[in-house]
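K.L.:
Predicted structure and sequence below. I'll ask about it afterward.
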Amino acid sequence: MDIKIPHHVELIIRTLQKNGYEAYAVGGCVRDTLLGRVPGDWDITTSALPQQVKALFRRTIDTGIQHGTVTIMMDHVGYEVTTYRIDGEYEDGRHPKQVEFTSSLLEDLRRRDFTINAMAYSPESGIVDAFDGMKDLERKVIRCVGAAMDRFTEDALRILRAIRFSAQLGFTIEEDTWNAVSAIAPNIAKVSKERIQVELTKLLLSGHPEYMRQVFEAGISTYVSPAFSRIPWPDIRIPADLPEEKYVRWAAFLRLVSPAEAVQVLKDLKLDNDTIARVRTLVNWSGAELAADPVCVRRAMSQMEPEVWDALLALNACGDDIRGLTCRIRERGDCLSLKNLAVKGKDLMEAGVRPGKEMGVMLNHLLDLVLECPEMNTRETLLTQIPKPESGQNPAPRA
Ligand code: ATP
Ligand code: MG
């Protein structure tokens with residue numbers, strides 16, 4: 001069977017072969033191409049040692065030489081070329097103690113996590129499928145290469161990868177593999193929170209975010225974090241038609257918990273502050289009953305960035321009334337933030353308002369007026385709203 005590979009990948013494979021080495025495209029790119037999906041990147045596996053790879057190409061980067069990986073740059077695109085390897089004994093439920101290079105493609109494929117990720121391809125040999133990956137692609141199952149219990153014991157991250165791939169591909173996890181997921185779940189405690197987060201975020205951004213339920217069904221949630229395990233998952237609904245944005249998907253998943261609990265989950269998983277702030281806003285507002293009234297809508301819009309508001313409309317499945325109001329407010333260019341207020345701090349200072357706390361209170365008061373009545377957003381009108389300094393109050397005496 002022939003598959004279409006990019007010109008650069010073919011060039012790299014042929015260059016290695018011409019110099020007496022074996023080389024194949026391998027892993028995710030083969031899987032995705034067979035599924036008619038566009039691969040994120042193309043990885044190459046070869047019998048050549050890293051130094052031998054480096055000697056053949058002009059521009060290379062030592063990405064992970066000790067693990068056998070060299071990146072070859074072609075037209076500013078990087079291709080990872082990794083020497084065939086066997087992972088040594090795993091010492092901490094996550095990392096092999098040492099890796100050993102091998103001259104056998106089969107050994108290299110055997111160390112890979114799932115059958116659908118353990119296929120290689122070269123134009124000469126076609127598809128090398130030693131573990132029935134093709135059959136599993138057809139049956140739409142995620143199955144470990146070899147004994148699932150052993151593979152998850154070696155590296156507990158694979159447990160989350162199994163669930164994540166099932167969500168991305170819409171596949172089911174084969175029975176033995178699923179049983180091992182549950183049995184080895186406590187080992188998730190050995191996986192770093194960042195790695196857990198990356199997998200869960202990929203899962204939420206996939207075509208089946210609702211497969212997050214498998215994390216709970218498998219009994220993994222307590223090892224993710226205590227706050228995470230308190231999420232009332234049987235009630236969670238995450239439609240796959242929500243925008244593919246990290247903060248939107250996390251908010252959809254967390255909207256049934258309090259904003260404080262949502263923030264706790266995200267902090268436990270070391271999400272970035274920007275995402276945490278946006279999710280907090282969305283979770284906070286997602287429960288609120290929004291009245292289809294221009295003042296209420298402006299007030300709510302003033303609390304978040306425009307794209308976060310759009311996400312809230314999607315999350316709350318808001319109807320045409322609120323969407324229509326949103327459009328009109330935007331078309332008119334109604335002021336929704338201090339940035340667009342017709343007076344600035346400088347104007348208020350000239351009118352006698354003292355900088356500092358008093359200034360902040362006054363600006364927010366004016367913004368509030370304008371949110372209620374957008375026509376008031378002119379310099380003249382707003383300045384009339386500032387109370388004059390009380391008469392009889394003398395300027396501070398000079399020293
Ligand atoms: P994607 O990049 O779309 O998430 P992928 O299959 O390319 O999917 P990568 O994490 O890029 O996944 O890894 C490339 C390949 O390396 C995988 O296809 C698999 O063969 C192997 N692999 C990656 N991580 C592991 C692991 N933890 N255990 C065993 N094999 C792994
Ligand atoms: Mg990849």
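P.N.:
Thanks, I have it. Ligands and ions are numbered 1, 2, ... in the order given.
K.L.:
mind listing what's buried in the top helix by length along the chain?
P.N.:
Using DSSP state H, we find that the single longest helix of the chain is helix 357-372. Buried residues in helix 357-372, counted by 16 or more other CB atoms under 10 Å: Met362, Leu363, Leu366, Leu367, Leu369, Val370, Leu371. Using the backbone N, CA and C atoms, a C-beta is placed for each residue, glycine as well.
K.L.:
correct me, but Lys202 touches Gln168?
P.N.:
Yes - contact criterion CB atoms under 8 Å: Lys202 and Gln168 qualify, at 6.9 Å.
K.L.:
Mind telling me what element Tyr24 is part of?
P.N.:
In this structure, Tyr24 sits in strand 23-26 according to DSSP states H and E.
K.L.:
in that strand, what's buried?
P.N.:
Using 16+ other CB under 10 Å as the test for burial, strand 23-26 gives Ala23, Tyr24, Ala25, Val26.
K.L.:
what's the distance between the last one and ligand 1?
P.N.:
When CB to the nearest ligand atom, to the nearest Å is applied, the distance between Val26 and ligand 1 equals 7 Å.
K.L.:
Can you name the residues bridging to that residue?
P.N.:
In this entry, Val26 is beta-bridged to Asp43, Ala120, by DSSP bridges.
K.L.:
Ignoring the adjacent residues along the chain, who's closest to the residue of the stretch 251-399 of the chain found nearest ligand 1?
P.N.:
Closest residue of the stretch 251-399 of the chain to ligand 1, CB to the nearest ligand atom: Leu269 (18.2 Å). What sits nearest to Leu269 in space, not counting adjacent residues and going by CB to CB, 6 or more residues apart in numbering, is Gln197, at 4.1 Å.
K.L.:
you'd agree that neighbour is up against Lys270?
P.N.:
Yes - Gln197 is within contact range of Lys270, at 5.9 Å (criterion: CB under 8 Å).
K.L.:
Between the two, tell me which one has more neighbours.
P.N.:
Taking other CB atoms under 10 Å, Gln197 and Lys270 do not tie; Gln197 has more neighbours (20 against 14).
K.L.:
quick one: contacts for that one?
P.N.:
By CB atoms under 8 Å, 6 or more residues apart in numbering, Gln197 lies in contact with Leu269, Lys270, Leu271.
K.L.:
and the helix or strand following the longest helix of the chain, average pLDDT?
P.N.:
As assigned by DSSP H and E, the chain's next helix or strand after helix 357-372 is helix 379-384. Taken as a whole, helix 379-384 has a mean pLDDT of 95.
K.L.:
returning to that earlier point: restrict the strand holding Tyr24 to CA atoms and write it as CSV.
P.N.:
In CSV, the C-alpha atoms belonging to strand 23-26 read as follows (Å, rounded to 0.1, in the frame of the first residue of the first chain):
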residue,chain,number,x,y,z
ALA,A,23,14.9,4.8,7.3
TYR,A,24,11.1,5.0,7.6
ALA,A,25,8.4,7.5,8.5
VAL,A,26,7.0,6.2,11.7
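K.L.:
No more questions from me, cheers.
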